[in-house]
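# here is my input, please return the structure:
(one chain, ligands or ions: 1)
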Amino acid sequence: MNMPSKVRLIDVGPRDGLQNEKQPVPATVKIELVHRLQAAGLKEIEVTSYVSPKWVPQMADNHEVMQGVTRAPGVRYSVLTPNLKGYEAAVADRPDEIVVFGAASEAFSQKNINCSIAESIERFAPVVQAALAAGIAVRGAMSCTVGCPYEGEIAPERVGYLAGLMKGIGVQRVDVADTIGVGTPKKVQAAIEATLAHFDIDHISGHFHDTYGQALSNTYAALQMGVWNFQSSVAGLGGCPYAKGATGNVATEDVVYLMHGLGIATGIDLDKLVDAGAYISEQLGRPSGSRVARALMAKRVG
Ligand SMILES: CC(C)(COP(=O)([O-])OP(=O)([O-])OC[C@H]1O[C@@H](n2cnc3c(N)ncnc32)[C@H](O)[C@@H]1OP(=O)([O-])[O-])[C@@H](O)C(=O)NCCC(=O)NCCSC(=O)C[C@@](C)(O)CC(=O)[O-]
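Purely as a prediction, here's the structure:
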């Protein structure tokens, strides 16, 4: 067993967490959420995406949000850019990292970004090139690495194929995403194993949605392989607009609790993180999706 002694959590709540929210969420609330996350000790925050506002209206305020954030030293702010148009809009807002996002499933690629896997790589290549030339880090999100809402189970070979394409265009690190949360530990490990043919363990992150309640088990399974970068969403916010029924990411609070219980450092203050989750849950008018946050809040009241 190869357990790391520390992990880095990337909170994707402001982007993945809020992109599918039906009610309008003011930019000021998103900005406040980012501020609270960084105050809790998050060193990486996925803030927004530069996608078509017709496709994802909730992210139409990308510019306002990025401009409104008071940056904390040592924090990496990342944004999604599916094409050059998105990249050019994003670069004006000085992200530290851009994320190109592809899928191991053809059908999901079509539904999500309106092109095939091969076409997506053609679109990403100039984005990656431009970002690297400008000194901006590049991450590649790989959706549907264990299952697809349209194609069902996805074989690890298809994940390896996509990871190879990502590597080929210069992507520096990749997320192994279980977009619809259908994965179980061995399947997630197989997807990571396939990715390891192209990226080393330090450049692979786990991104697990919790639809079937498996995300923490999958996190632990990835941890056992030595993965130490994980994406999660404060209060378990989220869901993908192109993956019907998929719930949010694993809650950041739950991952932090797990890690601290294992004696693995996160650099995150769980109490402050619970406050950040309580803030956004209140703004959205619903309870937190984090079991740990709910338990700790109940304890505070009691
Ligand atoms: C990718 C496109 C834009 C292609 O969409 P398209 O229709 O193929 O693009 P197009 O180049 O033909 O342009 C059509 C229109 O979109 C505009 N356009 C074109 N590009 C942009 C842009 N960057 N920003 C703003 N506008 C843009 C363009 O200007 C034009 O405007 P019109 O002339 O009709 O007024 C579209 O499919 C899209 O925006 N999709 C949204 C994808 C998305 O945000 N999905 C959710 C995030 S992925 C995710 O959640 C999964 C992840 C990462 O979390 C991991 C996991 O769990 O799996």
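# residue 145 - how many residues pack around it?
Using other CB atoms under 10 Å, residue 145 has 34 other residues around it. (Each C-beta comes from the backbone N, C-alpha and C, glycine too.)
# spit out the contact partners of it.
By CB atoms under 8 Å, 6 or more residues apart in numbering, residue 145 lies in contact with 104, 154, 159, 176, 177, 178, 179, 183, 188, 191, 195.
# tell me where the stretch 151-300 of the chain has helices.
Counting by DSSP state H, counting those that start in this stretch, the stretch 151-300 of the chain has helices at residues 156-168, 185-195, 215-224, 252-261, 270-284, 291-301.
# export those to TSV and append columns for mean pLDDT and mean neighbour count.
Listed next are those as TSV, based on pLDDT from 0 to 100; neighbours: other CB atoms under 10 Å:
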stretch	mean pLDDT	mean neighbour count
helix 156-168	98	20
helix 185-195	98	21
helix 215-224	98	22
helix 252-261	98	23
helix 270-284	98	20
helix 291-301	95	15
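# now these in TSV, with distance to the ligand?
Output for the helices of the stretch 151-300 of the chain, formatted as TSV (distance: least, CB to the nearest ligand atom, whole Å):
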stretch	distance to the ligand
helix 156-168	12
helix 185-195	12
helix 215-224	11
helix 252-261	15
helix 270-284	17
helix 291-301	20
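# save those helices as TSV, and put in distance to residue 91 too.
Listed next are the helices of the stretch 151-300 of the chain as TSV, based on distance: least, CB to CB, whole Å:
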stretch	distance to residue 91
helix 156-168	20
helix 185-195	28
helix 215-224	32
helix 252-261	28
helix 270-284	28
helix 291-301	35
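# nearest to residue 209, out of these?
Ranking the helices of the stretch 151-300 of the chain by proximity to residue 209 (CB to CB) places helix 215-224 first, at 6.5 Å.
# from the contact counts, what lies against that closest one?
Packed against helix 215-224 by the contact rule (3 or more CB pairs under 8 Å, 6 or more residues apart in numbering; DSSP states H and E) you find strand 173-178, helix 185-195, strand 204-208, helix 252-261.
# would you mind writing the CA trace of it as PDB?
Provided in PDB are the C-alpha atoms of helix 215-224 (Å, rounded to 0.1, in the frame of the first residue of the first chain):
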ATOM      1  CA  ALA A 215     -17.400   8.400  -3.700                       C
ATOM      2  CA  LEU A 216     -15.700   8.100  -0.400                       C
ATOM      3  CA  SER A 217     -14.900   4.400  -1.000                       C
ATOM      4  CA  ASN A 218     -13.600   5.400  -4.400                       C
ATOM      5  CA  THR A 219     -11.500   8.100  -2.900                       C
ATOM      6  CA  TYR A 220     -10.000   5.600  -0.500                       C
ATOM      7  CA  ALA A 221      -9.300   3.200  -3.300                       C
ATOM      8  CA  ALA A 222      -7.500   5.900  -5.300                       C
ATOM      9  CA  LEU A 223      -5.600   6.900  -2.100                       C
ATOM     10  CA  GLN A 224      -4.400   3.300  -1.800                       C
END
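# residues of the chain that sit close to the ligand?
Residues of the chain found near the ligand (CB under 6 Å from any ligand atom) are 16, 19, 49-52, 55-56, 80, 82-83, 85-86, 101, 112-114, 141, 143, 177, 179, 207, 209, 240-242.
# got a quick ChimeraX command for the buried subset of those?
To isolate the buried subset of these in ChimeraX, counting by 16 or more other CB atoms under 10 Å, use the following:
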select :16,19,49,50,51,52,56,80,82,83,86,101,112,113,141,143,177,179,207,209,240,242
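# which ones among the residues of the chain next to the ligand are found in strands?
Applying DSSP state E to the residues of the chain next to the ligand, the entries found in strands are 49, 80, 101, 141, 143, 177, 207.
# could the residues you listed go into a markdown table alongside pLDDT?
A markdown table is the format used below for these (pLDDT from 0 to 100):
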| residue | pLDDT |
| --- | --- |
| 49 | 98 |
| 80 | 98 |
| 101 | 98 |
| 141 | 98 |
| 143 | 98 |
| 177 | 98 |
| 207 | 98 |
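# closest to residue 40 out of these?
Closest approach between those and residue 40, by CB to CB: residue 207, at 19.7 Å.
# and that closest one, what does it touch?
Taking CB under 8 Å, 6+ apart, we find residue 207 in contact with 12, 141, 175, 176, 177, 178, 230, 231, 249.
# same check on residue 6?
228, 264, 265, 266, 267.
# can we see that at 6 Å?
By CB atoms under 6 Å, 6 or more residues apart in numbering, the contact set of residue 6 is residue 265.
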